[in-house]
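>>> Show me how the following folds:
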Amino acid sequence: MRLTVTALIFALGLPAAEIPKGAHVLLKLVNSVSTRTAKEGDYIYMTTATPIVNEGAVVVPVGSYVTGVVTHATRSGRIKGTAELNLRIDTLMLASGRVIKMAPPTLASVDSEGTDQKVVGKEGQVKQGTTHGEDAAKIATTTGAGAAIGAIVDQGWRGAGIGAAAGSGVGLATVLLTRGREVELKQGTTIDAVFDRGVPVD
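Reported below is the predicted structural model:
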């Protein structure tokens, strides 16, 4: 039957039912995933937020289910190391119920969620930015506050110096005990994926 349909498509000059190489699709997460709790092997569930079109014909409609898996997850460190999350998208379910295993499309971009998280390279890695600027601000703030309190208590520069040192120590301790930002892909987050090769869907 499949051969008959394929032959009919070619005979009528209709576009092949295939996701073309280079096609982009916007995927919306159904569940949330975070480096705070994610581990290798966790499943990710998504739906297509845009249709996939080939030669003017819709081959994958909006709302089609897509699944993926976490292949690597690293939490942000307290002193150094940024959060990293690797995803692999590999299954598409059509409205007909047909499940298609496919070569993983490349992640092109992901919602930043107000942070510096972004896709890095072509291995499905989402990496969070550093918090060095925020860390410096925390230390500067506590140093300034300590200096002000020391000056008031001791009524002089000596007190300000002691207060600044104490405040700096508190700020540094806070930074060392606090983890950086995690990669957070919340429910509704969108991921732009691009197909590096064609995928038959007929």
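>>> in the chain, which helix or strand is least confident?
Counting by mean pLDDT, DSSP states H and E, the chain has its least confident helix or strand at helix 2-12, which shows a mean of 44.
>>> in its sheet, what does whichever helix or strand comes after that one sit against?
The C-terminal neighbour of helix 2-12 among helices and strands, as given by DSSP states H and E, is strand 18-19. Paired neighbours of strand 18-19 in the sheet (DSSP bridges): strand 199-200 (antiparallel).
>>> For the strand it pairs with, which outside residues touch it?
With contact meaning Cβ atoms under 8 Å, 6 or more residues apart in numbering, strand 199-200 is reached by 16-19, 92, 100, 102-103. (Each C-beta comes from the backbone N, C-alpha and C, glycine too.)
>>> and which of the residues you listed is nearest Gly77?
Of all those, Ala103 has the smallest distance to Gly77: 33.3 Å, by Cβ to Cβ.
>>> Neighbours of the residue lying closest to that closest one once chain neighbours are set aside, how many?
Spatial nearest neighbour of Ala103, excluding adjacent residues (Cβ to Cβ, 6 or more residues apart in numbering): Arg197 at 5.7 Å. Residues within reach of Arg197, counting by other Cβ atoms under 10 Å, total 11.
>>> Repeat that for Lys118.
Based on other Cβ under 10 Å, the number of other residues close to Lys118 is 16.
>>> what about Pro200, distance to Ala17?
For Pro200, the distance to Ala17 (Cβ to Cβ, to the nearest Å) stands at 7 Å.
>>> Looking at those two, which one has more neighbours?
Neighbours were counted for Pro200 and for Ala17 using other Cβ under 10 Å; Ala17 has more, 16 against 13.
>>> and the residue nearest to that one when sequence neighbours are not counted, what pLDDT?
Leaving aside its sequence neighbours, Ala17 sits nearest to Asp202 (Cβ to Cβ, 6+ apart; 3.4 Å). Looking at Asp202, its pLDDT reads 76.
>>> How about the contacts made by the closest residue to Arg98 other than its chain neighbours?
Distances taken as Cβ to Cβ, 6+ apart place Val201 nearest to Arg98, at 7.9 Å, with adjacent residues excluded. For Val201, the contact set (Cβ under 8 Å, 6+ apart) comprises 17-19, 59-60, 92, 94, 98, 100.
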